[in-house]
Each structure stands twice: as structure tokens, then as C-alpha cells.
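> Quick one, fold the following:
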Amino acid sequence: MWDEGRRTLLAVVILGVVAGAGMGWVDRRPQAPLPIPAAPTESVSLLRVHVAGWVMSPGVVEIPDGSIVADAVAAAGGLRPGASAEGINLAASLRSGDQILVPGPGESVPGSGDGRISLNRATASELEALPGVGPVLAERIVGYREQNGPFNEVEDLLDVPGIGEAILASLRDLVKLP
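All right, here's what the predicted structure looks like:
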């Protein structure tokens with residue numbers, strides 16, 4: 001049925017297909033994986049803040065720049081049961097080197113041991129106890145501190161609208177800076 005020429009031709013075609021497939025299989029080389037682009041890295045400025053007192057893990061914590069007291073307390077594991085956070089401004093801004101002291105049950109608010117009020121930690125209601133400082137001026141002091149950061153010296157109070165030399169003189173011995 002099949003003559004010799006056709007059989008030879010069919011054998012050559014089959015042999016060619018098998019040889020071509022074999023060459024394709026042998027030529028397969030593992031390709032180098034495509035490089036994965038590295039995720040862009042942001043340089044985040046960190047603050048180092050000392051959190052002490054009634055927190056779960058007291059010590060120095062590193063938190064992103066722009067963090068507030070609540071972030072530092074959270075980084076220290078949060079408040080221990082019985083901790084008194086009423087005297088702490090959890091929304092206050094921080095800078096590197098600040099210390100936060102969380103009082104325990106029955107302990108006084110940090111910085112009140114000598115009777116002077118801390119300009120950088122006092123609440124508006126605590127500031128109202130100062131002579132010549134009413135609710136409006138107390139809110140201005142707290143607002144100025146939150147807007148511009150902690151006071152560096154008592155004389156910085158002169159930058160608060162409504163405080164002049166006379167009020168500053170009456171406050172100088174009643175306030176302190178940490």
C-alpha cells in the first residue's frame with residue numbers, strides 16, 4: 001500500500017518533528033527571575049521619650065516624630081490598672097528627651113511636689129489657680145503650648161496674647177519648666 005518513497009518521507013517528517021521537539025526541550029534554560037523592585041523606604045524621624053511610673057513597660061520608647069503623649073504611653077504597653085491619667089495631657093505634643101511620669105493610685109500629679117505648676121504639663125484648670133490667670137488666659141497658654149511646643153523658658157509666656165510684664169512677674173516664682 002505504501003510505497004517505499006512515502007514511507008521514507010513519513011519517517012523523515014516524524015523524525016524531524018521528534019528532533020525539533022527534543023531541541024526545544026534541551027534548549028530550555030532556567031531564566032533568571034525578574035528583579036522585584038524594592039519598596040520605597042521612607043526615612044521616619046523618631047523621638048526618644050522616657051515613659052515612667054504606672055505603665056506596663058516603663059522605659060525609653062521610640063515613636064514617630066509628631067506623636068503625642070498617648071502614643072508614648074501606648075508604646076510603653078499602656079496604663080497599668082489603677083494608673084491616674086487625669087493629670088496628664090494625653091494630647092500634648094512631644095519632642096525627643098521628654099519624660100512622661102504616670103502617677104499611680106493616690107500619687108500626686110507629676111511636677112507638683114514643690115508647689116509650682118509646670119508650664120509644659122499643667123492643664124487649663126490647673127493654670128487657672130495662678131494669680132491673674134482666668135479660664136480664657138489658661139486656654140491661651142495651653143493653646144500656645146500645643147501650637148508651638150513646650151515652653152523653653154518662663155519668659156516665653158510673653159508670647160501668649162494677654163500676658164505682659166506684670167502678669168509674668170506675678171507668675172515667675174509660681175511656675176516651672178519641665
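> what stretches of the protein score poorly on pLDDT?
1-2, 20-35, 37-43, 87, 106-115, 178 (pLDDT under 70).
> switch to 50 and redo it
Where the chain drops to pLDDT under 50, the residues are 110-112.
> Now do the domain split for it, please.
As given by automatic domain parsing, the domain ranges for the chain are 43-108, 111-178.
> Dump those into a markdown table; add mean neighbour count and distance to Ala19 as well.
Yep, even glycine has a C-beta here, placed from its N, CA and C like the rest. Formatted as a markdown table, those follow (neighbours: other CB atoms under 10 Å; distance: least, CB to CB, whole Å):
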| stretch | mean neighbour count | distance to Ala19 |
| --- | --- | --- |
| domain 43-108 | 16 | 59 |
| domain 111-178 | 15 | 80 |
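> As CSV, those domains with distance to Ile36 would be great.
Shown next, in CSV, are the domains of the chain (distance: least, CB to CB, whole Å):
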stretch, distance to Ile36
domain 43-108, 21
domain 111-178, 42
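> so which of these gets nearest Ala11?
Closest approach to Ala11 among those (CB to CB): domain 43-108, 70.3 Å.
> From Pro150, how far off is Thr8?
Separation of Thr8 from Pro150 (CB to CB, to the nearest Å) stands at 98 Å.
> now Gly164
With CB to CB as the criterion, Gly164 and Pro150 are 22 Å apart.
> of the domains of the chain, which approaches Glu4 most closely?
Of all those, it is domain 43-108 that lies closest to Glu4, at 80.4 Å by CB to CB.
> thought Arg48 was touching Gly59?
No: if you go by CB atoms under 8 Å, Arg48 and Gly59 don't touch, sitting 10.4 Å apart.
> how about Phe52, phi and psi?
Let me fix one detail, which is that residue 52 is Ala and not Phe. For Ala52, the backbone dihedrals (degrees, to the nearest 10) come out as phi -130, psi 170.
> scratch that, Phe151 is what I was asking about
phi -70, psi 140.
> just the one 4 residues further on next, same as before
In this entry, Glu155 is assigned phi and psi values of phi -60, psi -20 (degrees, to the nearest 10).
> Just to check, it is in contact with Leu168?
Yes: using CB under 8 Å, Glu155 makes contact with Leu168 at a distance of 7.0 Å.
> returning to that earlier point: nearest to Ile14, out of the domains of the chain?
Of all the domains of the chain, it is domain 43-108 that lies closest to Ile14, at 65.4 Å by CB to CB.
> so what's the residue nearest the centre of the chain closest to, chain neighbours aside?
Centre of the chain computed as the mean C-alpha position; nearest residue by CA atoms, centre = their mean is Pro64, 3.0 Å away. Spatially, and ignoring its direct neighbours in sequence, Pro64 is nearest to Val44 (5.5 Å; CB to CB, 6 or more residues apart in numbering).
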